[in-house]
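> have a look; sequence and predicted model below, questions after that.
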Amino acid sequence: MKTKLFGSLLLAAGMLMGAASASAQAKKPTLMVVPGDTWCSANGYMIETDNQGRKSAIPDYERALREDMDLANAITKVNELMAERGFPLKDLASIVKTINQNAVEDEMTTSRTSGATLAETPLDRLYNRAKADIIIELTWKVNTMGPKRSVTYTLKGVDAYTNKQVAAASGTGAQSFTAEVPVLIEEATLEKMDGFVGQLQDHFDDMLANGREIILTVRVFDNGSGLSFEDEYDGEELTDIIDRWMSQNTMNHRYNLSDATESALHFEQVRIPIYRENGMAMDARAFSNSLRKYLGKAPYNIPCKILTKGLGRADIVLGEK
């Protein structure tokens, strides 16, 4: 009887250790912490950009990091809190420095003959360089009452590929005599941090099971070639050929062909694998490049060009390189 009981206890202990080991080895999303747009605007760290005639204001992370020591320390503190929970991190300051060292400016990919373009914004380039799964936007305000201070904060987790919010936490910390913003942020966020990272992990687990989401548009160049998605190859229209390829290469066949004309196909909610076969992260460009190669081979032999905007959107333009 004692032998059986001892054996049962060993089995139970082994199962618990196995579960703990599996939990420890569970894949986690790569994160990057940035100051929220609200904080940047309130503190004067916004710049106006012109992207193909469309003006917009975006955060000036470089100047904010250079001029505001509280920001740099606050990001470092949140990074520490995430690292303690096992999340891999990309450091905003390091990424910005790398971009500047490589003199990355407003580069535009242009068709050799038609001049078609799809420009990336500075934020798109930043996210492309970081290759983080989720961006954590940190916003805070210091409240002062006599000698005591507290922090009202917001943490927002945003999918770097879709810009959709996937997690959130907010609140006001207890009043404290400390004058250090990072300490105030740590004290304020600790209560809700585990719930916040739980939301981040739930989103990433969904991506592991069902793929990450991107947008893909396939077009034809208006260059007089006469190429159309109604063209047939062995009795099958090009639209149906591409649609079949999408079904075969998306995760669980999940995608939506939201619009189809003779000159453009627009795919939304396209679920692609998180990782390529070599273990590198899969993004919209890598996924669309597989379709480009497929269409470039016989019997189609269609020259294609890929234009990207950020991690989660790509255009494949047929008929030119």
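That came in fine, so what should we check first? Numbers count the residues shown, from 1 in each chain.

> verify the stated contact: residue 174 with residue 150.
Yes. Because the distance of 6.5 Å satisfies C-beta atoms under 8 Å, residue 174 is recorded as touching residue 150. Heads up, the C-betas are built off the backbone N, CA and C, glycines and all.

> show me which of those two is the more surrounded one.
A direct count of neighbours by other C-beta atoms under 10 Å for residue 174 and residue 150 places residue 150 higher, at 19 against 11.

> any figure for the gap between that one and residue 141?
Look at residue 150 and residue 141: by C-beta to C-beta, to the nearest Å, they are 10 Å apart.

> with residue 96 instead?
Residue 96 sits at a distance of 24 Å from residue 141 (criterion: C-beta to C-beta).

> for these two, indicate the residue with more neighbours.
Comparing residue 96 with residue 141 by other C-beta under 10 Å, the one with more neighbours is residue 96, at 20 against 13.

> which helix or which strand is home to that one?
helix 92-101 (DSSP states H and E).

> packing partners of the longest helix seen in the chain?
The longest helix of the chain (DSSP state H) is helix 181-210. For helix 181-210, the contact count by 3 or more C-beta pairs under 8 Å, 6 or more residues apart in numbering; DSSP states H and E identifies helix 69-84, strand 134-145, strand 148-159, strand 165-172 as packing neighbours.

> now do 10 Å
Here helix 181-210 touches strand 31-35, helix 69-84, strand 134-145, strand 148-159, strand 165-172, strand 212-220, strand 264-272, going by 3 or more C-beta pairs under 10 Å, 6 or more residues apart in numbering; DSSP states H and E.

> lowest confidence element among the helices and strands of the protein?
Across the helices and strands of the chain, mean confidence by mean pLDDT, DSSP states H and E is lowest for helix 2-25: a mean of 41.

> in the helix holding residue 96, what counts as buried?
If you call a residue buried by 16 or more other C-beta atoms under 10 Å, then helix 92-101 has these buried ones: 92, 95, 96, 99.

> could you dump the next helix or strand after it to CSV, C-alpha only?
As assigned by DSSP H and E, the chain's next helix or strand after helix 92-101 is helix 122-130. This file holds the C-alpha atoms of helix 122-130, laid out as CSV (Å, rounded to 0.1, in the frame of the first residue of the first chain):
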residue,chain,number,x,y,z
PRO,A,122,9.1,56.6,-40.1
LEU,A,123,7.0,54.5,-37.7
ASP,A,124,6.6,51.8,-40.3
ARG,A,125,10.4,51.7,-40.7
LEU,A,126,10.9,51.7,-36.9
TYR,A,127,8.5,48.7,-36.5
ASN,A,128,10.2,46.9,-39.4
ARG,A,129,13.6,47.3,-37.8
ALA,A,130,12.4,46.2,-34.4
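
> elements contacting helix 122-130?
Checked by 3+ C-beta pairs under 10 Å, 6+ apart, helix 122-130 has strand 31-35, strand 46-51, strand 54-59, helix 61-67, strand 89-90, helix 92-101, strand 134-145 packed alongside it.

> nice, that's everything, thank you.
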